[in-house]
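> build me a model:
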Amino acid sequence: MTEAEHLPAQSSVILLRICDYARRPVAEQARLNAQLDTVLALLLPAIPAKSRIVLNSNGSAAVAVLDNAPAALAFAEHALQASNAGLGLCIGIDHGPVEVLSGAADDMLAGDGVATASVMAASATEANLLATQNFRMALAQKSPGAEIALVPTVNLSDAGLRTYQVYSLDRMAQRRRRHQFIFIAVIMAGVLLASATALRLWVPERPRPFAPEVKKPAPVPAERPFRFFYGKH
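Reported below is the predicted structural model:
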């Protein structure tokens, strides 16, 4: 299904692939396709219709999101949680050029963004999400700090021998990083306090400047009272 006819050159592309789809019996494939359609129907309303294009086929779906990497990551993360209901999705995300091509039977997405997202999805294990460095950079530009949840894993190469730095989703990474900052801050405060204490103990106190003694003025002798004598001397 197509909900936007055109997208700009750069978009975030999420490719959802049902793991081991071709090896499953036909009846199970039909059930999994129905589950995938349900996941799309539940999650797509979070992305404005004018900012997305969705093309799905048997066993997979591609979602291109215009200029909103955080929304693309949220969509992919929620889709990943569908694995708890028995729908094993291998998810790949990239940010790159995308265009819509009209075919004889149906429309299709093309471009480097789609091709690279396909490589990520093909390399992901069951119930896993892999993203490219391009998508991580786009996420950092739109929501600074959000990229911490994407941690480096391995390097992958495609059929054209292009190598990609691959990132996986780790929501605990941000908490661990915050704890590391707190630990480092506590250590630095302790080091500064210890250094100040050591300097105070090792450096002798400077003698106080000599203050000249101020002489007190001599006491003025008291005047003797004048006495009159009467009589013979």
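> which positions within stretch 28-42 qualify as buried?
Across stretch 28-42, burial judged by 16 or more other CB atoms under 10 Å covers Gln29, Leu32, Asn33, Gln35, Leu36, Val39, Leu40. From N, CA and C alone the C-beta is placed, and that goes for glycine too.
> please enumerate the strands of this protein.
Residue ranges of the strands in the chain, as given by DSSP state E, are 10-18, 52-57, 60-66, 89-97, 99-102, 107-110, 128-132, 150-157, 163-169.
> distance of Arg31 relative to Ala121?
20 Å (CB to CB, to the nearest Å).
> all helices for the chain, in order.
Ranges of helices in the chain, per DSSP state H, are 26-43, 69-80, 112-123, 133-142, 173-202.
> burial measure for the residue lying closest to Leu139 once chain neighbours are set aside, as a count.
Excluding the flanking residues, the one nearest Leu139 by CB to CB, 6 or more residues apart in numbering is Ala69, at 4.2 Å. A count of nearby residues for Ala69, using other CB atoms under 10 Å, gives 25.
> pretty sure Ala69 sits against His95.
Yes - Ala69 lies in contact with His95 (CB atoms under 8 Å); the separation is 6.3 Å.
> joint contacts of the two?
Ser12, Phe135, Ala138 (CB atoms under 8 Å, 6 or more residues apart in numbering).
> any idea how far Cys90 is from the closest residue in space to Ala74 that isn't next to it in sequence?
Counting by CB to CB, 6+ apart, Ala74 lies nearest to Ala46, which is 7.0 Å off, once chain neighbours are set aside. Separation of Ala46 from Cys90 (CB to CB): 21 Å.
> neighbour count: those two, which is higher?
Ranked by neighbour count (other CB under 10 Å), Ala46 and Cys90 place Cys90 first, with 25 against 11.
> residues contacting the more buried one?
Leu16, Arg17, Ile18, Cys19, Ala121, Ala122, Ala124, Thr125, Glu126, Ala127, Asn128.
> do Ala121 as well
Contact partners of Ala121, counting by CB under 8 Å, 6+ apart, are Leu15, Leu16, Arg17, Ser60, Cys90, Ile91, Gly92, Leu130.
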